[in-house]
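Asks: Task: produce atomic coordinates for the following.
(one chain, ligands or ions: 1)
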Amino acid sequence: MIVYGDARSGNCYKIQLVASMLEIEHRWVHVDILDGGTQTRAFLSKNPNGKIPVVELASGTCLWESNAILYYFAQGTRLWPADPLQQARVLQWMFFEQYSHEPFIAVARFIAKFLGLPEQRQDEYAAKQSGGHKALRVMEHQLAQTPYIGGDGLTIADVALYAYTHVADEGGFDLASYGAIRRWLARFATEPGYVAMQR
Ligand SMILES: N[C@@H](CCC(=O)N[C@@H](CS)C(=O)NCC(=O)O)C(=O)O
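Replies: Okay, the predicted model is just below:
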């Protein structure tokens with residue numbers, strides 16, 4: 001299996017995490033998004049949406065969208081619950097991650113860390129802060145009640161949300177007032193198979 005990605009991207013780091021936690025052998029091929037690496041004809045044949053991560057299975061089939069890739073690998077493992085309601089709960093948090101969390105926290109981080117906070121994107125960066133903090137408050141509320149985001153056990157919803165939450169400071173989000181989130185981040189980093197993000 002080949003993973004096309006950039007290790008500094010949270011969406012790609014999710015795949016690195018799940019592969020390590022589930023001991024899935026793979027080869028990592030670096031794709032540079034700032035240098036047009038996702039817009040080449042060869043890359044677009046793997047993902048017509050022109051984004052990383054992409055996983056190319058041994059059969060040659062390609063799968064994209066980070067959370068769909070997490071689901072593909074997690075089925076039948078400790079990271080995917082058996083109960084249908086719990087499964088829906090995990091999906092609830094993964095959709096939350098993509099619609100209410102990543103578009104604020106990941107994009108603010110991209111503007112600051114990858115682009116160096118250029119003048120023409122400073123208003124956009126500032127506008128991302130309130131949405132990011134709203135997402136963090138929602139997570140804080142849940143994590144004050146349960147040890148993991150979906151309830152009592154670790155799932156791919158934790159993997160999906162850990163990826164950008166643990167580097168939220170790089171997007172200007174101070175986690176000091178989010179005690180439950182910080183305890184959850186610390187707990188997550190002790191899970192078997194955990195690997196740190198290359199930053
Ligand atoms: N919803 C997608 C988002 C993927 C995404 O935005 N990838 C970024 C890097 S983190 C990318 O490839 N950007 C390049 C581009 O949009 O041209 C996922 O979860 O995989």
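Asks: going forward, measure contacts and count neighbours with C-alpha atoms only.
Replies: Will do.
Asks: quick one: contacts of stretch 177-193?
Replies: Contacts with stretch 177-193, where a contact means C-alpha atoms under 8 Å, 6 or more residues apart in numbering, come from 17, 20-23, 136-137, 139-140, 143-144, 147-148, 162, 166, 175-176, 194-196.
Asks: residues contacting residue 100?
Replies: So residue 100 contacts 131-132, 135 (C-alpha under 8 Å, 6+ apart).
Asks: Oops, could you answer that again for residue 85 instead?
Replies: Contacts of residue 85 by C-alpha under 8 Å, 6+ apart: none found.
Asks: Now do the buried residues in stretch 69-79.
Replies: Within stretch 69-79, the residues scored as buried using 16 or more other C-alpha atoms under 10 Å are 69-71, 73-74, 79.
Asks: tell me, how many neighbours does residue 153 end up with?
Replies: 14 (other C-alpha atoms under 10 Å).
Asks: What is the neighbour count of the spatially closest residue to residue 108 that is not a sequence neighbour?
Replies: In this structure, residue 108 finds its nearest non-sequential neighbour in residue 171, 4.7 Å apart by C-alpha to C-alpha, 6 or more residues apart in numbering. Using other C-alpha under 10 Å, the number of residues around residue 171 comes to 25.
Asks: Distance check, residue 171 against the ligand.
Replies: Distance, residue 171 to the ligand, by C-alpha to the nearest ligand atom, to the nearest Å: 13 Å.
Asks: any idea how far that residue is from residue 123?
Replies: 13 Å (C-alpha to C-alpha, to the nearest Å).
Asks: picking up where we left off before, list buried members of the contacts of stretch 177-193 by neighbour count.
Replies: By neighbour count, with 16+ other C-alpha under 10 Å, the contacts of stretch 177-193 hold 17, 20-22, 136, 139-140, 143-144, 147-148, 162, 166, 175, 194-195 as buried.
Asks: Show me which pair in the residues you listed is furthest apart.
Replies: 22 and 175 (28.8 Å; C-alpha to C-alpha).
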